[in-house]
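Asker: sequence and predicted model, in that order:
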Amino acid sequence: MTAVSEAVFIALAKWWESGALHRNGSQLRYFYPGLTSGLLSSGALTPDQLDDWVTDMGGDSFPVEETKPGFFVRYDRECFEVEVPEADLRRYRLVTEWLPQNLTEMLGSHRKPECWLQDKLWFLGNYRVGRKYWPVWLARRLRDTEVFDAVDYSLQHPRIKDGVIITLQPPRRQQCARLSGAFEVVALGDVVAGNPVSLDLSWLQDPVETAIQWDDAAGVLHVMGMPAWTVDGPKQRMVVHLLFEAWQSGRNNVSTEELQEAGVTSRTPGQLWRKGSGWESYIGYGDKRWWLIAP
């Protein structure tokens with residue numbers, strides 16, 4: 001993750017929320033005065049082809065002509081020729097995965113952001129509060145009634161009892177301050193700050209006691225009705241962390257392929273844990289999928 005300022009981060013987030021795929025250099029100067037350099041060095045923009053028009057600082061757009069190779073001009077309102085630098089014409093594409101990925105990294109999650117609804121809802125990971133974890137999602141265009149209803153439906157799972165939904169614009173409906181009765185909906189601008197920017201969810205409280213708890217710092221798994229299981233080894237702890245995140249999100253299991261992408265070379269729990277470690281009482285495995293055994 002490239003370190004960026006709060007102003008640049010919010011500017012990119014608003015661009016992401018708008019759904020616009022491209023903007024050229026002149027638009028960057030118009031929409032984000034003073035931030036162009038930070039935007040271009042953020043890692044969120046990919047250079048594309050040249051546009052054939054520019055936007056001036058008044059917001060007016062003008063067609064551009066290439067009068068000779070590499071030399072571009074436009075005409076102002078008095079029909080005077082004005083030279084246009086190529087940098088103003090260069091089009092940039094916003095990498096749509098940039099915002100979910102950056103927020104996931106800020107959470108300290110080992111997983112990639114998981115898209116639950118195309119271009120609308122991503123599961124980012126869990127935010128630790130004491131020994132508890134809050135599931136965190138990122139929602140896009142939540143003020144749209146159809147999007148809100150789709151997001152609300154997606155989160156109606158018996159295992160998902162609470163969580164945090166980060167959005168650029170919280171829903172308009174007054175009664176939807178909490179989705180499905182238990183979700184904290186927060187504006188992105190209220191939970192990111194600093195230079196470089198970081199995510200602050202420290203205001204959250206411990207959620208209600210759950211059947212499974214994972215203490216990431218101590219490497220201890222707590223399953224209701226079972227002895228606490230101390231997990232030894234960094235790879236083993238990472239696997240349990242990922243399985244716990246999947247359980248928290250209601251996804252239930254993680255594939256061997258996903259674990260290998262995270263750096264786990266073992267293909268089964270029996271290969272990862274030594275005999276006598278007790279993993280069989282806590283971790284299920286079958287059809288190349290791993291899961292935590294719930295009480």
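Answerer: The structure has been received and is ready for your questions.
Asker: so what's A11 up against?
Answerer: The contact partners of A11, by CB atoms under 8 Å, 6 or more residues apart in numbering, come to 31-32, 35, 39. Just so you know, the C-beta spots here come from the backbone N, C-alpha and C atoms, and that holds for glycine as well.
Asker: no, scratch that, I was asking about S42
Answerer: Counting by CB under 8 Å, 6+ apart, S42 makes contact with 2, 4, 8, 12, 98.
Asker: my guess is V64 contacts F71, does it?
Answerer: No. Using CB atoms under 8 Å, V64 is not in contact with F71, being 10.7 Å away.
Asker: what about the two, which has more around it?
Answerer: Counted by other CB atoms under 10 Å, V64 and F71 do not tie: V64 has more neighbours, with 20 against 11.
Asker: so what's V95 up against?
Answerer: 43-46.
Asker: tell me how far it lies from A218.
Answerer: 37 Å (CB to CB, to the nearest Å).
Asker: closest to the centroid, which residue in the chain?
Answerer: P100 (1.8 Å; CA atoms, centre = their mean).
Asker: name the nearest residue to it, sequence neighbours excluded.
Answerer: Leaving aside its chain neighbours, P100 sits nearest to P113 (3.7 Å; criterion: CB to CB, 6 or more residues apart in numbering).
Asker: and for A20?
Answerer: A20's closest residue in space is L94 (CB to CB, 6+ apart), at 7.4 Å.
Asker: help me confirm that the one you found comes into contact with A44.
Answerer: Yes. Shown here, L94 and A44 form a contact pair, counting by CB under 8 Å, at 6.1 Å.
Asker: any idea of the mean pLDDT for stretch 51-70?
Answerer: Averaging pLDDT along stretch 51-70 yields 85.
Asker: no wait, stretch 242-261
Answerer: Rounded mean pLDDT across stretch 242-261 is 89.
Asker: about what we covered before: what do L94 and A44 both touch?
Answerer: Joint contacts of L94 and A44 (CB under 8 Å, 6+ apart) are L12.
Asker: more neighbours, the two?
Answerer: A44 (26 against 21).
Asker: tell me which helix or strand comes right after the helix or strand of the chain at the bottom of the mean pLDDT ranking.
Answerer: Every helix and strand of the chain was ranked by mean pLDDT, DSSP states H and E. The lowest is strand 178-179, at a mean of 53. Counting by DSSP states H and E, the next helix or strand C-terminal to strand 178-179 is strand 183-187.
Asker: so which elements touch the helix or strand just after that following strand?
Answerer: On the C-terminal side of strand 183-187, the nearest following helix or strand under DSSP H and E is helix 188-191. Counting contacts by 3 or more CB pairs under 8 Å, 6 or more residues apart in numbering; DSSP states H and E, helix 188-191 packs against helix 6-18, strand 163-167.
Asker: so which of those gets nearest V192?
Answerer: helix 6-18 (6.2 Å; CB to CB).
Asker: sheet partners, orientation included, of the helix or strand just after that closest one?
Answerer: Counting by DSSP H and E, the element after helix 6-18 in chain order, helix or strand, is strand 22-24. As defined by DSSP bridges, the strand partners of strand 22-24 come to strand 90-94 (antiparallel).
Asker: tell me the bridge partners for the closest residue in space to F62 that isn't next to it in sequence.
Answerer: Sequence neighbours aside, R74 is the residue nearest to F62 in space, at 4.2 Å (criterion: CB to CB, 6+ apart). With DSSP bridges as the criterion, R74 is bridged to V82.
Asker: what segments of the chain are helices?
Answerer: 6-18, 25-31, 36-40, 86-89, 98-107, 145-154, 188-191, 234-249, 256-261, 269-272 (DSSP state H).
Asker: now tabulate the contacts of A11 in CSV and tack on neighbour count and distance to W16.
Answerer: CSV is the format used below for the contacts of A11 (neighbours: other CB atoms under 10 Å; distance: CB to CB, whole Å):
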residue, neighbour count, distance to W16
F31, 18, 13
Y32, 19, 13
L35, 19, 15
L39, 23, 12
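Asker: among those residues, which one lies nearest to D52?
Answerer: Using CB to CB, the contacts of A11 come closest to D52 at F31, 19.1 Å.
Asker: just to check, I160 is in contact with W137?
Answerer: No. The criterion here is CB under 8 Å, and I160 misses it with W137 at 9.7 Å.
Asker: between the two, tell me which one has more neighbours.
Answerer: Ranked by neighbour count (other CB under 10 Å), I160 and W137 place W137 first, with 28 against 19.
Asker: neighbours around the residue lying closest to the more buried one once chain neighbours are set aside, how many?
Answerer: Distances taken as CB to CB, 6+ apart place I165 nearest to W137, at 4.9 Å, with adjacent residues excluded. Neighbours of I165 under the rule other CB under 10 Å: 23.
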